[in-house]
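> Sequence and predicted model, in that order:
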Amino acid sequence: MRQKKTIIALVPSNLDLSRIEHKHQLILSKVMKDKIYVLLDSITHSRLKKTTSINPYTLLSAKKLKELYGDCYKEILNLLIQVDVIECDNSYIIGRKSKGYRYTKEYKDAIPVIKKITNSTLVKKFIKNNTTSLNNYEHLHQFIYDIEIDVEAAESYIYNLYQTKLNDYKIQVDLFFERQMQDNSKFDQNNVPVNPICWFYHQLRAIYLIHNKQIRFKVDETGYRLHTNLTNIKKELRNFITYKGNKLVAVDYSNSQPLLTTILLKQEYWSKKDSNNVLLTYRNVKYKDKEVNFIYDIINNIESYSSNTYTMFPTFNQSIDTQSTRKYISLCEKGDLYEYLERNLNFSKRSRKEVKISVFQILFTDNRYIGQKDAKPKREFKILFPEVYKVLAMIKKNKSNLLPILLQRIESEIILNRVAKRIERERPELPIFTIHDSVVTTVGNELYIQCVMKDEMDKAINLRPNTEIEYWNSNEVSLHDNSNNAVA
């Protein structure tokens, strides 16, 4: 008999619907209970980021709620408010802000438990919502159902780490309120501690989605990146994941985002002329209608500047001293850019993650940010690599987030449509998974994957980059958390 599909919901462990029914003289159907559990689960879905409140609300779109639960979503919310499970901020602005909801004091800090939902309508809606068209990536999709996770070990790891985070959080909250009293001012929006229970919900959900074979496989509409259970799980938890009992290994490009910026420095990328060369060009990247004008504007600027003695694209005109540009490209190819900036921008006391954050600030923040007090790394990067800065600034001139979007789409083209497709042709039986700029496979196949990735990147951007190999091994997991809840 075919096993019935289920989805999971995480709710506070002290939530007892039977007790609530008895206390309030209610009779809740199985369908209604399933809808309650799934709706409550959504309250803890997106609460990892810093907020302006110690106990923030989660904004829930009425339109999306109606799509998922039908007209009875209002009845469910009103019921949960009446029985003091959740509370509402009763604040909404049409077209701008949805109403916010949060657990009441009794439930907000409770450890979550898993509820399995079998209602076929809900199951179908949530599976459809988390699955994209498989026409282009069936090869990647077929293997992901056979990944497994050591639930007991993974649960133990996140629970122990949660206890550490909780102790730190209590100290942070005390210090926070103490500062507010001393300053006699409003909450400092940049230093509001985030309750680690939200982190715990997120990590436990990621573990049980894999364990329950509740697969996420969706291409986003911004960078056209593929999102799966592996992209949406804490890096350390990947060490507890195997494929049919086989250990896994990941191969990724060193400092991939800066590496991909180098293609934007090449005239060939922006050329309108057709070419049989495999070098990646702007025509290989998909654009939305409203973005096309931005791209043509960049190309027109290139053509204009290239005809002058002075050009913002130094690689197009050899009369410009391009030593710093060549240095930048070389550092990106070798995977040494972060270390170089660490030495030259006085980052010696920063962790690898802090250096990476600074590089992302340099590359991706709005051009106008350069005047801000915290933008010193951006200003110093401009001095180190003036021509590179000018090129990237020009790309962001009319649309500040165009650069990261372009890089994500270039990355997707290389990883999904070149690397993964080639592996499918050459080794169709080989299980592979992608995590944005990396490819995961079973141990023993990493050198083949590394060779393909280097070769395809070389063809795409005319550089043969450095790669890193990381073996997933639960014995290497440490309770010292360096990732600050980040997922790839």
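Right, received. Where do you want to start? Numbering: from 1, shown residues only.

> Could you use CA atoms for every contact and neighbour count after this?
Fine.

> what's the closest non-adjacent residue to His24?
Of all residues beyond its chain neighbours, the one nearest His24 is Val83 (7.6 Å), with distances taken as Cα to Cα, 6 or more residues apart in numbering.

> Distance check, the one you found against Tyr103.
The span separating Val83 from Tyr103 equals 11 Å under the rule Cα to Cα, to the nearest Å.

> Using the three-state scheme, assign Ile233.
Taken by DSSP: H, G, I helix; E, B strand; the rest coil, the conformation at Ile233 corresponds to coil.

> That one: how many residues sit nearby?
21 (other Cα atoms under 10 Å).

> before we move on, back to that, pretty sure the residue nearest to His24 sits against Arg19.
No: when contacts are counted by Cα atoms under 8 Å, Val83 is not listed as touching Arg19 (10.8 Å).

> Could you pull out the buried residues of the helix or strand harbouring Lys170?
When secondary structure is defined by DSSP states H and E, Lys170 falls within helix 151-183. Along helix 151-183, the positions that meet the burial threshold by neighbour count (16 or more other Cα atoms under 10 Å) are 151, 154-155, 157-159, 161-162, 165, 169, 172-173, 176.

> got a markdown table for those, with distance to Ser61 too?
As requested, the buried residues of helix 151-183 are exported to a markdown table (distance: Cα to Cα, whole Å):
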| residue | distance to Ser61 |
| --- | --- |
| Val151 | 32 |
| Ala154 | 32 |
| Glu155 | 31 |
| Tyr157 | 34 |
| Ile158 | 30 |
| Tyr159 | 31 |
| Leu161 | 32 |
| Tyr162 | 30 |
| Lys165 | 30 |
| Tyr169 | 30 |
| Gln172 | 32 |
| Val173 | 30 |
| Phe176 | 31 |
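
> Lys244: which of those residues is nearest?
Proximity of the buried residues of helix 151-183 to Lys244 (Cα to Cα) peaks at Val151, which lies at 14.7 Å.

> picking up where we left off before, and the helix holding Lys170, how far out from the chain's middle?
The offset between the C-alpha centroid of helix 151-183 and the centroid of the whole chain comes to 23 Å, using Cα atoms, centre = their mean, to the nearest Å.

> what helices or strands is that helix leaning on?
helix 196-211 (3 or more Cα pairs under 8 Å, 6 or more residues apart in numbering; DSSP states H and E).

> The helix or strand just after the helix it packs on packs against which elements?
Along the chain past helix 196-211, the next helix or strand (assigned with DSSP H and E) turns out to be strand 217-219. For strand 217-219, the packing partners by 3+ Cα pairs under 8 Å, 6+ apart come out as strand 226-228.

> partners of the helix or strand that contains Glu87 in the sheet?
With elements taken from DSSP H and E, the one containing Glu87 is strand 86-88. As defined by DSSP bridges, the strand partners of strand 86-88 come to strand 100-103 (antiparallel).

> and the helix or strand containing Asn301, how far from the chain's centre?
Element membership for Asn301, per DSSP H and E: helix 289-306. Using Cα atoms, centre = their mean, the distance from the centre of helix 289-306 to the centre of the chain it belongs to is 29 Å.

> got it, and stretch 413-428?
Distance, stretch centre to chain centre, for stretch 413-428: 22 Å (Cα atoms, centre = their mean).

> show me where the stretch 1-150 of the chain has helices.
17-24, 30-43, 62-69, 73-82, 120-129, 138-144 (DSSP state H, counting those that start in this stretch).

> And the first one, what's buried?
So that's helix 17-24. Taking 16+ other Cα under 10 Å as the neighbour-count basis, helix 17-24 is seen to contain the buried residues Ile20.

> same for that helix, what does it pack against?
Of the remaining helices and strands, none touches helix 17-24 by 3+ Cα pairs under 8 Å, 6+ apart.

> for the record, mean pLDDT for that helix?
Helix 17-24 shows a mean pLDDT of 94 in the predicted model.

> now it and helix 73-82, what's the angle there?
70 degrees (axes from the mean of the first three to the mean of the last three Cα atoms, to 10 degrees).

> Need the contact partners of helix 17-24.
Contacts to helix 17-24, defined as Cα atoms under 8 Å, 6 or more residues apart in numbering, come from residues 26-28, 33, 83.

> ok, back up a step: okay, Val83 and Tyr103: which has more neighbours?
Taking neighbours as other Cα under 10 Å, Val83 and Tyr103 compare with Tyr103 leading, 24 against 13.

> so Phe433 makes contact with Tyr145?
No: if you go by Cα under 8 Å, Phe433 and Tyr145 don't touch, sitting 11.1 Å apart.
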